[in-house]
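Peer 1: Give me a model of this one.
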Amino acid sequence: MKLMIFAIDALPPDILFKNINMFPNIKKLKECGAYCEYDTYTYGYGSRDNWVSLYTGLTPKQHGIINNKYKNENRYPNTNDYKDKEPFWNILNKHGLTVGMWKGLSTTPPQEIKGYMISGEINYESDPELQDPYTSIKPVVHEKDKNILNIIDECMIEQQPVPKSAEDFGYSWNELKNKKSTLNKILKNDYFKEATEYLKENLDYYEKNIIKLQKSNPVDVCFFYTQLIDYIGHFQSHDLEKKEIIKAIKIIDNFIGILIENINPDNVIVISDHGIKGWNESFGNSDEEIQMEMFGLRDKAIWLENGAIVVEARNKGFLSACHDIKGTFIASGKEIKKCKIPDMRTVDFYTTLLEMFDIEIPSKRHGYVLDIFSNKNIKNQSRIFSNNLINNRKSVAIIQNIDIPDFNKVINEFFLNNRFCEITIIGEEKYKETFLCNTRVDSFIKIKEKSISKSILDCYDAVILPYKNILTNKVEFYQID
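Peer 2: Predicted coordinates for the structure are as follows:
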């Protein structure tokens, strides 16, 4: 096999790299290859947006999937929505490479490809309008690949566990909001350990059958996806020591090690679509009063004694985390040099993957080829990432003048649409800690006596002035150059 891709939804780079000695197989890949915490589509974007961007090299605005919905339709995206946008498996097929896809998010209905596409998704939705007709714990394949179901074992995995609700503990949500001491007693650090056990059961099945299928139906590139780190992280981040999340990553690490040992791929990529972070971790050392002012879900939230924040999830569980802006990327193998990658974005995965196989990058892709290759003649030389791009960054000031949850959307959108910029926030001093917690913000200047000196603004290449349209409720901004 030329390449094995481990696609781990929400694998958090901060927890992973901080505790890397606990994960020997991933540690070896990191130390022998290229790695980074990269910038993803979050805050208004969902997992499906990111994965389809990784599949196609297009931004969410280009492929039309934003906040897990396809365009203006109230449904999840499927392969028919982007199959004409040259997903990587089609490009690799055109250049003589076979691809095996295992359970990729939004890869239903499975397409006919050279290799195979095994689809089927866990259903997390109670809303029938959002349920995928191809939702299935069991493998779902194209008619061409029906024989695969005779090769791999029958999937006996049950539906995923659901976290306990307030009612399961004998309370209403409102009762617990008024009895924080009670919630602190019942919400244990291993509150949702059933999901970690479920992850182990899942990976035991896929570990065995990926190896089996590679022996009988070998492919050049294999892609395996699991959504369960995301699921665990959302309900286990109230534990500030992240013990259950670390336990889950250990299971992932063992899975990766066994597959590498048995398949022996030339190259390995580990990638997540974003990270996962406790609600409270986005606020720095701000006190609870400031956090409540800045938190968009403040009316629905409960602050625990340890500082963690929980809200009631759609499935009634205690949701303690949101998607983080940083995702995990590690590449290791032949022709991959040892390095830490600067300034990677989601759209760089696709372009770098094609470069690995000397394939010309299609038009309308804004990503760069990451500078991770050693002793390789670069096919897409004009698209190689250069440090000069970072060194010539534009300086931009964004003035904080609207409600913080909406203002954060402006920071995020500007960052995602303007790649090489250094962002300074000019705002109220009480929010400084929180703004500087955002890795997309480079510096902060406080507003003094409700006045901003023109001489300060003159120091920037551009000034961004946000506003909120009271008729549409949309947040926009003016750019002053």
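Peer 1: in stretch 211-218, what's buried?
Peer 2: By neighbour count on 16 or more other CB atoms under 10 Å, the buried set for stretch 211-218 is 213-214, 217. (Glycine included, C-beta is placed from N, CA and C.)
Peer 1: how's the chain carved up into domains?
Peer 2: 3-356, 393-480 (automatic domain parsing).
Peer 1: For stretch 274-290, which residues meet the burial criterion?
Peer 2: For stretch 274-290, by 16+ other CB under 10 Å, it's 274-284, 286, 290.
Peer 1: lowest confidence element among the helices and strands of the protein?
Peer 2: Every helix and strand in the chain was compared by mean pLDDT, DSSP states H and E; the lowest is helix 288-294, with a mean of 85.
Peer 1: What residues are recorded as beta-bridge partners of Ile309?
Peer 2: Here Ile309 sits in beta bridges with Trp303, as judged by DSSP bridges.
Peer 1: For it, give its distance to Lys277.
Peer 2: 11 Å (CB to CB, to the nearest Å).
Peer 1: what's the answer for Ile249, then?
Peer 2: 15 Å.
Peer 1: ditto for Thr196
Peer 2: Relative to Lys277, and taking CB to CB, Thr196 is found at 18 Å.
Peer 1: Now do the same for the lengthiest helix in the chain: mean pLDDT, whole number.
Peer 2: Ordering each helix of the chain by length in residues (DSSP state H) puts helix 193-216 first. Mean per-residue pLDDT for helix 193-216: 98.
Peer 1: Likewise for stretch 420-439?
Peer 2: On average, stretch 420-439 scores 95.
Peer 1: got the end-to-end distance for that stretch?
Peer 2: Using CA to CA, to the nearest Å, the end-to-end distance of stretch 420-439 comes out at 14 Å.
Peer 1: and Gly100, what is it in contact with?
Peer 2: 115-118, 213-214, 217, 219, 221-223 (CB atoms under 8 Å, 6 or more residues apart in numbering).
Peer 1: Off-centre distance for the helix or strand harbouring Asn25?
Peer 2: Element membership of Asn25, judged by DSSP states H and E, is helix 24-32. When distances are taken as CA atoms, centre = their mean, to the nearest Å, helix 24-32 is centred 21 Å away from the chain's centroid.
Peer 1: Let me see the mean pLDDT of the next helix or strand after it.
Peer 2: Per DSSP H and E, the first helix or strand lying C-terminal to helix 24-32 is strand 34-39. For strand 34-39, the mean per-residue pLDDT is 98.
Peer 1: Just the buried residues of the longest helix of the chain, please?
Peer 2: Buried residues in helix 193-216 (16+ other CB under 10 Å): 193, 195-196, 198-200, 202-203, 205-207, 209-210, 213-214.
Peer 1: what comes into contact with stretch 256-265?
Peer 2: 1-4, 6, 24-26, 29, 207, 210-211, 214, 222, 224, 268, 270, 333.
Peer 1: And the buried ones among these, selectable in ChimeraX?
Peer 2: Per 16+ other CB under 10 Å, the buried members of the contacts of stretch 256-265 correspond to this ChimeraX selection:
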select :1,2,3,4,6,25,26,29,207,210,214,222,224,268,270,333
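Peer 1: Tell me which residue lies nearest the centroid of the protein.
Peer 2: Geometric centre of the chain, nearest residue: His274, 1.9 Å, by CA atoms, centre = their mean.
Peer 1: Surely it touches Ile325?
Peer 2: Yes: if you go by CB atoms under 8 Å, His274 and Ile325 touch, sitting 7.0 Å apart.
Peer 1: what's the overlap in contacts for those two?
Peer 2: In contact with both His274 and Ile325: 40, 42, using CB under 8 Å, 6+ apart.
Peer 1: Out of the contacts of Gly100, which sit inside strands?
Peer 2: Among these, DSSP state E puts 115-118, 221-223 in strands.
Peer 1: Reformat those residues as CSV; add distance to Asp358.
Peer 2: As requested, the ones in strands among the contacts of Gly100 are exported to CSV (distance: CB to CB, whole Å):
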residue, distance to Asp358
Gly115, 19
Tyr116, 24
Met117, 24
Ile118, 27
Val221, 14
Cys222, 19
Phe223, 19
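Peer 1: which one among the residues you listed gets closest to Pro60?
Peer 2: The nearest member of those to Pro60, counting by CB to CB, is Phe223 at 20.3 Å.
Peer 1: Not counting its neighbours along the chain, what's nearest the closest one?
Peer 2: Closest residue in space to Phe223, ignoring its immediate chain neighbours: Ile5 at 4.5 Å, by CB to CB, 6 or more residues apart in numbering.
Peer 1: Tell me the confidence at that neighbour?
Peer 2: 99.
Peer 1: Okay, and the beta partners of it?
Peer 2: Assessed by DSSP bridges, Ile5 has beta-bridge partners Phe223, Ile269.
Peer 1: count of residues packed around it?
Peer 2: Applying other CB atoms under 10 Å, we find 24 residues neighbouring Ile5.
Peer 1: show me the contacts for it.
Peer 2: So Ile5 contacts 221-224, 268-269, 271 (CB under 8 Å, 6+ apart).
Peer 1: re earlier: ok, residues contacting the least confident helix or strand of the chain?
Peer 2: Residues contacting helix 288-294 (CB under 8 Å, 6+ apart): 280, 283, 286, 298, 301, 303, 307, 309, 404-405, 430-431, 434.
Peer 1: SS state for Glu58?
Peer 2: Not Glu; residue 58 is Leu. Secondary structure, DSSP: H, G, I helix; E, B strand; the rest coil: Leu58 is coil.
Peer 1: Just say helix, strand or coil for Asn473.
Peer 2: coil.
Peer 1: Tell me where the stretch 301-450 of the chain is predicted with low confidence.
Peer 2: Filtered on pLDDT under 70, the stretch 301-450 of the chain yields no residues whatsoever.
Peer 1: Helices - which of the contacts of helix 288-294 land there?
Peer 2: Per DSSP H, helices hold the following members of those: 404-405, 434.
Peer 1: Selection in PyMOL covering whichever of the residues you listed are buried, please.
Peer 2: In PyMOL, a selection of the buried entries from the ones in helices among the contacts of helix 288-294 looks like this (16+ other CB under 10 Å):
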select buried, resi 404+434
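Peer 1: What helices and strands are in contact with the helix holding Asn25?
Peer 2: Under the contact criterion of 3 or more CB pairs under 8 Å, 6 or more residues apart in numbering; DSSP states H and E, helix 24-32 touches helix 243-263, strand 267-271, strand 326-333.
Peer 1: Name the helix or strand for Asn174, please.
Peer 2: Short version, using DSSP H and E: Asn174 is in helix 173-178.
Peer 1: what about that helix, distance to the chain center?
Peer 2: For helix 173-178, the distance to the chain centre is 32 Å (CA atoms, centre = their mean).
Peer 1: what comes up buried for the following helix or strand past it?
Peer 2: Per DSSP H and E, the first helix or strand lying C-terminal to helix 173-178 is helix 180-186. Neighbour-count burial for helix 180-186 flags 183-184 (criterion: 16+ other CB under 10 Å).
Peer 1: Remind me what helix 180-186 packs against, helices and strands.
Peer 2: Using 3+ CB pairs under 8 Å, 6+ apart as the contact test, the elements touching helix 180-186 are helix 173-178, strand 301-303.
Peer 1: Could you list the residues in contact with stretch 415-427?
Peer 2: Surrounding stretch 415-427, the residues in contact under the criterion CB under 8 Å, 6+ apart are 39, 41, 59, 343, 345, 389-390, 392-400, 407, 411, 414, 435, 440-447, 452, 456, 460.
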